[in-house]
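1. From the sequence below, what's the structure:
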Amino acid sequence: MRPINEIIVHCTATPAGRPVTVQDINAWHVARGWSGIGYHRVIGINGERWQGRAIDKIGAHCEGHNTGTLGVVYAGGLKADGRTAADTRTSVQKQSLLDELLSLKKAYPGIVKISGHNEYAAKACPCFDASAEYDQYFEGGKLFQPILDVTLTRGMTGLAVEEWSDKLRLYRKKIGHPWPVVPTSIFDQNLEMVTRWFQSERKILVDGKVGPQTRDEMDRALKGESPFNALFDKAA
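-> Numbering: from 1, shown residues only. Next up is the predicted model:
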């Protein structure tokens, strides 16, 4: 099981009272090039508590902060006009969200911090101050250290880049691609281009960066496994 020490709270950015299902969110995230729903738990408008992505799988819900976190989202976050950000949680949703957070804390004692998406990105989401509301239940405080994603991008050098180029070379050889990758420890334009090709092959977000999703897809590809599907691949 991966280390988890933080929960990041989100909203779906949909109008108050509009039903949102796990399948809806999954479709939205697939359209963005993700491996399906990026959140691990979903709170519906009537307080339902649903599973999204399997908890043992790294999420896709907060750039740079997916490796050691769980993503929990509630349906809502916009006023009825569909444009104005607002905390639209009903009393039932608020209780269900709190129950969910405390349940996750009990199941995963390493969780010491609750954060809102807006603490890591220039967004209104989740449209309330999650840290202020939930810090009383968690003991992270000033000692908390987030587990950050490790992402390779153009211009980087070193052993991690060399290992990635080796995996790209192995994959191209595995599928019989006629143009092998030249081993390199420099993430240059050529390596970025081949990375984009691999992402396109696996039908995931094509951005030329090597983050958690791309690494996971490479591991699966080298094992001969199909691309990860967040709703249907629940294996631990």
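2. Can you get me a residue count around the residue nearest to Gly68 when sequence neighbours are not counted?
-> Distances taken as CB to CB, 6 or more residues apart in numbering place Ile147 nearest to Gly68, at 2.6 Å, with adjacent residues excluded. C-betas here are computed from N, CA, C, even on glycine. Ile147 has 16 neighbouring residues, counting by other CB atoms under 10 Å.
3. again, but for Ala27
-> Neighbours of Ala27 under the rule other CB under 10 Å: 12.
4. where does the chain dip in pLDDT?
-> 141-142, 234-236 (pLDDT under 70).
5. again, 80 this time
-> Filtered on pLDDT under 80, the chain yields the residue ranges 140-143, 233-236.
6. And the strands in the chain, which stretches?
-> Ranges of strands in the chain, per DSSP state E, are 6-11, 14-15, 41-43, 49-51, 69-74, 77-78, 113-116.
7. Pull up the gap between the residue nearest to Gly68 and Val30, please.
-> Separation of Ile147 from Val30 (CB to CB, to the nearest Å): 26 Å.
8. picking up where we left off before, which one of the strands of the chain lies nearest to Lys167?
-> strand 69-74 (25.1 Å; CB to CB).
9. And the strands of the chain: which comes nearest Ala122?
-> strand 113-116 (12.5 Å).
10. What is the closest one packed up against?
-> Packing partners of strand 113-116 (3 or more CB pairs under 8 Å, 6 or more residues apart in numbering; DSSP states H and E): strand 6-11, helix 130-134.
11. tell me the contacts of the closest residue to Asp99 other than its chain neighbours?
-> Leaving aside its sequence neighbours, Asp99 sits nearest to Arg49 (CB to CB, 6+ apart; 7.4 Å). Arg49 makes contact with Arg41, Val42, Ile43, Ser96, Asp99, Glu100, according to CB atoms under 8 Å, 6 or more residues apart in numbering.
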